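In: heads up, no residue letters with this:
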């Protein structure tokens with residue numbers, strides 16, 4: 001009983017960031033810790049997560065988390081529940097751009113991801129993380145999010161997922177659209193809207209955000225924006241406790257679905 005009371009009285013906000021041992025997820029975790037959050041640094045490889053958490057500091061805790069494995073998801077949620085009694089913020093950041101031969105250039109990955117060439121096995125593998133993993137993670141975290149006074153869910157998406165953009169003959173995104181990565185982000189956007197519609201009734205906010213074309217391991221560091229620049233909008237959305245729900249934004253503001 002004393003432990004439950006202590007958990008209830010703990011005012012430090014609690015966040016879980018998936019895929020937080022590197023890249024944009026790591027930057028988000030750093031910013032949350034700097035703003036007083038207790039941050040769980042989700043990492044498929046626990047040792048990588050422990051290194052990242054140690055670098056972030058005392059407010060960070062490494063947690064083994066593979067969003068494609070339900071057992072891993074359930075164990076992570078159980079631990080957060082035991083240690084905190086609730087979750088205030090879930091950042092679904094974990095994502096992969098391809099599941100084919102490693103070492104390929106961004107151009108090669110893009111060419112292999114077109115609808116007429118894509119390997120169905122690769123489509124399944126990428127969607128398992130980028131789409132199904134987000135659904136599984138969010139559903140599992142909902143009981144803890146419902147115990148927060150201001151719960152939020154942030155899904156890290158991409159402008160490449162915008163159907164409005166790729167339907168425009170003059171938009172740069174059109175030639176880069178494919179059924180592996182880009183379409184997985186379109187699906188993620190639809191998932192975001194679906195959760196937002198359902199959870200608005202419970203005052204749980206759900207938004208999607210794009211880092212822009214950021215240089216990370218996701219694109220073999222071929223992005224044009226630095227990690228610092230690319231992380232600004234996801235960090236802003238993650239820290240926003242009194243913002244809207246059901247929105248899609250990028251570095252330059254609102255993005256069309």
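Out: Perfect, thanks for sending it. All of these numbers come straight from a predicted model, not from anything done at the bench.

In: Let me see the ranges of the strands in the chain.
Out: Under the criterion DSSP state E, strands of the chain are mapped to 14-17, 38-43, 60-64, 89-92, 152-156, 205-209, 248-250, 253-254.

In: Now mean pLDDT and distance to residue 25 too, for those strands, in JSON lines please.
Out: For the C-beta atoms, the positions are set from N, CA and C on the backbone; glycine is no exception. As requested, the strands of the chain are exported to JSON lines (pLDDT from 0 to 100; distance: least, Cβ to Cβ, whole Å):
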{"stretch": "strand 14-17", "mean pLDDT": "98", "distance to residue 25": "5"}
{"stretch": "strand 38-43", "mean pLDDT": "98", "distance to residue 25": "8"}
{"stretch": "strand 60-64", "mean pLDDT": "98", "distance to residue 25": "12"}
{"stretch": "strand 89-92", "mean pLDDT": "98", "distance to residue 25": "7"}
{"stretch": "strand 152-156", "mean pLDDT": "98", "distance to residue 25": "7"}
{"stretch": "strand 205-209", "mean pLDDT": "98", "distance to residue 25": "12"}
{"stretch": "strand 248-250", "mean pLDDT": "96", "distance to residue 25": "17"}
{"stretch": "strand 253-254", "mean pLDDT": "94", "distance to residue 25": "22"}
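
In: Save these as a markdown table, and put in mean neighbour count and distance to residue 233 too.
Out: Conversion of the strands of the chain to a markdown table gives the following (neighbours: other Cβ atoms under 10 Å; distance: least, Cβ to Cβ, whole Å):
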| stretch | mean neighbour count | distance to residue 233 |
| --- | --- | --- |
| strand 14-17 | 28 | 15 |
| strand 38-43 | 28 | 18 |
| strand 60-64 | 22 | 22 |
| strand 89-92 | 29 | 13 |
| strand 152-156 | 26 | 10 |
| strand 205-209 | 25 | 5 |
| strand 248-250 | 19 | 6 |
| strand 253-254 | 8 | 9 |
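
In: Of those, which is nearest residue 77?
Out: Proximity to residue 77, assessed across the strands of the chain by Cβ to Cβ, is greatest for strand 14-17 (8.4 Å).
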